[in-house]
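Asker: Just to be clear, the model below is a prediction. Sequence and coordinates:
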Amino acid sequence: MAERPKLVLAMRQDILDLVLPAPLRARLDTLADVHPLLVTDAADPASAEALGSAEVLLTGWGAPEVDAGLLARAPRLGAVIHAAGTVKYHVHPEVWERGIAVSSAADANAGPVVDFTMATVVLAARRALGAAADYRRGRLPTYPERRGADGAVIGVIGASRIGRGVIARLLAADSGFQVLLADPYVSAQDAAALGVRLVDLDELCAASDIVTIHAPDLPETRHLLDARRLGLLRDGAAVINTARGRLVDTEALARECGTGRVDAYLDVTEPEPLPVEHVLHTLPNVLLTPHIAGCQGSEVQRLGAYAVDEVERFGAGRPLLGAVHVADLARIA
């Protein structure tokens with residue numbers, strides 16, 4: 001584009017202040033003609049003038065759905081750039097049908113999730129929850145009882161961008177982790193290139209010390225870890241879920257954890273939030289966190305920085321690094 005594209009911001013005000021703090025907003029203003037109105041309701045008559053001129057819609061959490069109704073009000077729209085992760089829940093197929101480019105900052109969000117997962121893997125390998133529970137009771141583990149991480153078998157479910165990031169970090173660690181992968185979209189050759197052994201999900205459950213979930217939330221992945229597969233886990237195994245709660249049968253997992261046979265580190269649950277009276281809150285071998293693995297606090301500006309970079313690429317006519325293609329929607333998070 002020869003001129004700066006006309007851009008409209010569409011997200012909640014509190015999110016805008018986090019995602020685009022003053023330095024990023026100043027940079028964005030040099031790259032695009034940013035409309036002064038923040039759009040939170042596309043049907044609001046006050047939004048009509050802003051959307052009518054918009055060539056770029058920069059969205060974030062709390063954005064209105066980009067559907068046929070919004071598109072009718074935005075005839076010049078050329079790109080939807082999302083300063084967050086998935087676009088599946090607010091960008092409708094009509095956007096791609098009109099040839100509008102779509103980008104997501106999911107790559108920027110992946111780093112913190114990989115970090116969180118790796119920290120949890122080390123805690124799980126050392127059976128830190130059980131040791132902490134014993135310590136609260138005044139019991140110190142003997143040295144033969146203490147566990148380290150070296151040589152642990154880690155089963156990764158899903159070679160998503162986060163799954164691949166976890167695999168790379170596991171293989172780069174000094175602990176000699178053995179890494180298994182279950183993913184129906186990955187070939188044996190691709191798995192070999194990643195440096196892992198491709199197995200089916202049942203074998204992964206039976207052979208792993210730690211199972212970490214990085215698959216998308218799809219109808220066919222609901223309760224991917226059901227009662228039968230959870231029953232395949234080794235005694236002392238751990239389940240880590242930083243993906244979506246629906247991938248695990250919560251009640252079946254609670255039963256396994258209730259026996260003390262399996263530990264769980266859950267950043268997501270089904271339902272979410274988990275009711276305070278749920279038994280998982282009471283078990284000493286379960287760590288529940290409130291969906292905090294992704295970008296939090298000061299990290300959120302990583303999403304804004306990624307989105308601003310995408311605005312610069314779009315304005316210069318360059319490909320978008322975070323491009324989301326309609327053909328991928330059925331199997332991405």
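Answerer: Here it is on my side, so go on. The model shown is predicted, which means the values in this text are computed figures rather than measured ones.
Asker: what ranges do the helices span in the stretch 201-333 of the chain?
Answerer: With helices called from DSSP state H, counting those that start in this stretch, the stretch 201-333 of the chain shows them at 201-207, 227-232, 250-258, 301-315.
Asker: With the stretch 1-150 of the chain instead?
Answerer: Counting by DSSP H, counting those that start in this stretch, the stretch 1-150 of the chain has helices at residues 13-19, 22-31, 48-53, 68-73, 93-97, 106-125, 128-136.
Asker: residues contacting the nearest residue to Glu49 once chain neighbours are set aside?
Answerer: The shortest distance from Glu49 to any residue that is not its chain neighbour, by Cβ to Cβ, 6 or more residues apart in numbering, is 7.8 Å, and that residue is Leu37. All C-beta atoms are positioned from the backbone trio N, CA, C, and that covers glycine. Applying Cβ atoms under 8 Å, 6 or more residues apart in numbering, one finds that Leu37 lies in contact with 8, 46-47, 49-50.
Asker: same question, Arg331
Answerer: Taking Cβ under 8 Å, 6+ apart, we find Arg331 in contact with 185, 216, 218.
Asker: Using TSV, lay out these together with neighbour count and pLDDT.
Answerer: Output for these, formatted as TSV (neighbours: other Cβ atoms under 10 Å; pLDDT from 0 to 100):
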residue	neighbour count	pLDDT
Tyr185	9	93
Pro216	19	93
Leu218	16	91
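Asker: from those residues, which single one is nearest Glu272?
Answerer: When the contacts of Arg331 are compared for distance to Glu272 (Cβ to Cβ), Pro216 comes out closest, at 16.2 Å.
Asker: what comes into contact with stretch 265-285?
Answerer: Contact with stretch 265-285 is made by 116, 120, 123-124, 129-130, 132-133, 238-246, 248, 250, 253-254, 257-258, 260, 262-264, 286-293, as judged by Cβ under 8 Å, 6+ apart.
Asker: before we move on, back to that, so which of the helices of the stretch 1-150 of the chain is nearest Leu230?
Answerer: With Cβ to Cβ, the closest approach to Leu230 among these belongs to helix 106-125: 15.3 Å.
Asker: so what does that closest one touch, helix or strand wise?
Answerer: With contacts defined as 3 or more Cβ pairs under 8 Å, 6 or more residues apart in numbering; DSSP states H and E, helix 106-125 has these neighbours: helix 161-172, strand 210-213, strand 238-241, strand 263-266, helix 301-315.
Asker: No more questions from me, cheers.
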